[in-house]
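Colleague: after the sequence you'll find the predicted model.
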Amino acid sequence: MTPLHIASASEQAANYLREQLMRKVWVGTIPGGPVLASQLGVGRMTIEAALSMLENEGLLVPQGPGRRRKIELPEELAKPPGLRVAILCYEQNDRSLDYITDCKNKLETAGHTVFYAPSHLTELKMDC
């Protein structure tokens, strides 16, 4: 059994800020300590400790006293994940049409997972 770890207020704040950074709530820079402290309802020392943790992780870069910290997400997190795209054709034979094949290839090149739906519109009786 793993021991129970109760996160301190600064660890909880750092976890929250990390999630917000990954969601890209802020772009370029993160708001200053006083603003974040009031938004999260914690003390200024707590938020400064949380921001220091994120600096140590390499997610934030200090820009000097009184200046906002720069956000530096790792490359794999900065790029949005690909989507899973289903192509629903009108008829089974439409899979070989040039424009559908081109669309599928462009989506795959962009990093998306593309597949043809198992049925087609005429089979589903949605062709009216």
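Modeller: Structure received.

Colleague: hang on, residue 37 packs against residue 50?
Modeller: No: Residue 37 lies out of contact with residue 50 (C-beta atoms under 8 Å); the separation is 9.5 Å. C-beta: built from backbone N, CA, C; applies to glycine.

Colleague: who has more neighbours, the two?
Modeller: In this comparison of residue 37 against residue 50, neighbours counted by other C-beta atoms under 10 Å, the higher total goes to residue 50 at 26 against 19.

Colleague: any idea how many residues pack against residue 14?
Modeller: Residue 14: 23 surrounding residues under other C-beta under 10 Å.

Colleague: pull the number of nearby residues for residue 10.
Modeller: Residues contacting residue 10 under the criterion other C-beta under 10 Å number 19.

Colleague: list the contacts of the helix or strand containing residue 46.
Modeller: The secondary structure element spanning residue 46 is helix 44-56 (assigned by DSSP states H and E). Taking C-beta atoms under 8 Å, 6 or more residues apart in numbering as the criterion, the residues outside helix 44-56 that touch it are 9-11, 13-14, 17-18, 21, 30, 33-34, 36-37, 40, 60-62, 69.

Colleague: 10 Å instead, please
Modeller: Identification of contacts with helix 44-56 by C-beta atoms under 10 Å, 6 or more residues apart in numbering yields 8-18, 21, 30-40, 42-43, 59-62, 69, 71-72.
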